[in-house]
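J.: Model the structure of this input:
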Amino acid sequence: MRIDVKGTIVSNDDKWIYELFEYDATCPNDVLRTIDQANGEPLEVYINSGGGDIFAGSEIYSALRSYKGEVNIHVVGFAASAASVIACAGKSDISPTAMFMVHNVSGEARGDYHDLDKGSEILQTANRSIAAAYMAKTGMSEAEALKMMDQETWLTAQQAVDKGLIDKIAENQNLRLVAAYQTPLIPQSVIDKVRSIVKNPLENEAGILTPEKAQAKLNLLKLGGSK
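T.: Numbers count the residues shown, from 1 in each chain. Okay, here's the model as predicted:
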């Protein structure tokens, strides 16, 4: 059965918001549903993603690694960040025009210096957890994996194979080259606004927000409005 890991990798709770904005996105439930339906049949996993949520990516990686049947992974455009972790979950090939990228985990922190020190510690711990996937796939040491991530390493298809991150170059594929790596990550502030509009309707002058006005507010967010 086919599994597409396309667009931004997001949590289950955020997937519907990406669909609302018509962005490609993949969440763990997308993969788990197909795994349940496959019932031991071979899985064909196609990846074209710049990454996203590391916890969602880790859940997908773990689900594929623990699957009892055969897992064949095909990097058809781009496998970066969390998507590069998923690419390490089984036997793999990569299109000659595709790319692979690994880098450090990033996040946001604010507060006093204790908070920022703690944020740095959490990020370094997350880096080690991600490095474990590269180590398991390639046999490289943790130091080698962390160095590769720290340098934000971009790899051609052949370089990814040479490093052992991918097993082989795919043959007989006519695939489009991916021109950009940035995934459309929706800001948390926009996600919070959408949740508020949909799940906690605001009152208008008459005391109630009609479905039409709720949809209008969502459309305004799509266009980049902030009111």
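J.: Pull up the gap between M148 and T34, please.
T.: 30 Å (Cβ to Cβ, to the nearest Å). Bear in mind the C-beta positions are built from the backbone N, C-alpha and C, glycine included.
J.: okay, these two: which has more neighbours?
T.: Each of M148 and T34 has its neighbours counted (other Cβ atoms under 10 Å); M148 has more, 19 against 16.
J.: Show me what secondary structure element comes after the helix ranked longest in the chain.
T.: Longest among the helix segments of the chain by residue count, using DSSP state H, is helix 113-138. Of the helices and strands lying after helix 113-138 in sequence (DSSP states H and E), the nearest is helix 142-150.
J.: Counting neighbours, which bits of that following helix end up buried?
T.: Buried residues in helix 142-150, counted by 16 or more other Cβ atoms under 10 Å: A145, L146, M148, M149.
J.: Among the residues you listed, pick out the one closest to H114, please.
T.: Distances from H114 to the buried residues of helix 142-150, taken as Cβ to Cβ, are shortest for L146 (24.7 Å).
J.: what's the neighbour count on the closest residue to that closest one other than its chain neighbours?
T.: Leaving out its chain neighbours, the residue that sits closest to L146 by Cβ to Cβ, 6 or more residues apart in numbering is A131, at 5.3 Å. Neighbours of A131 under the rule other Cβ under 10 Å: 24.
J.: distance of A131 from S189?
T.: Taking Cβ to Cβ, one finds A131 at 31 Å from S189.
J.: again with S58
T.: In terms of Cβ to Cβ, S58 sits 25 Å off from S189.
J.: what does E142 give?
T.: Distance of E142 to S189, computed by Cβ to Cβ: 36 Å.
J.: residue contacts, A160?
T.: Contact partners of A160, counting by Cβ atoms under 8 Å, 6 or more residues apart in numbering, are V75, I94, M99, F100, I166.
J.: Mind checking what secondary structure it has?
T.: helix (DSSP: H, G, I helix; E, B strand; the rest coil).
J.: any idea where the strands of the chain begin and end?
T.: Remark: strands assigned in the chain by DSSP state E are 2-9, 25-26, 43-52, 71-80, 91-94, 99-102, 153-156, 168-169.
J.: Give me the distance from the fifth one to the chain's centre.
T.: Taking the mean C-alpha point of strand 91-94 and that of its whole chain, the gap between them comes to 18 Å (Cα atoms, centre = their mean, to the nearest Å).
J.: which helices and strands sit right next to that strand?
T.: strand 71-80, helix 157-162, strand 168-169 (3 or more Cβ pairs under 8 Å, 6 or more residues apart in numbering; DSSP states H and E).
J.: Kindly report the same for the last one.
T.: Identification of packing neighbours for strand 168-169 by 3+ Cβ pairs under 8 Å, 6+ apart yields strand 91-94, helix 157-162.
J.: Need the residues that contact that strand.
T.: With Cβ under 8 Å, 6+ apart as the contact definition, strand 168-169 has outside contacts at S92, D93, I94, S95, P96, A157, Q158, V161.
J.: ok, the residues you listed vs V71, which is closest?
T.: S92 (9.0 Å).
J.: Just confirm the closest one contacts I166, I think it does.
T.: Yes: between S92 and I166 there is a contact under Cβ atoms under 8 Å: 4.9 Å.
J.: Neighbour count for these two, which is higher?
T.: Between S92 and I166, counted using other Cβ under 10 Å, the more crowded position is I166 (29 against 24).
J.: Can you point out the buried residues in stretch 72-92?
T.: Using 16+ other Cβ under 10 Å as the test for burial, stretch 72-92 gives 73-90, 92.
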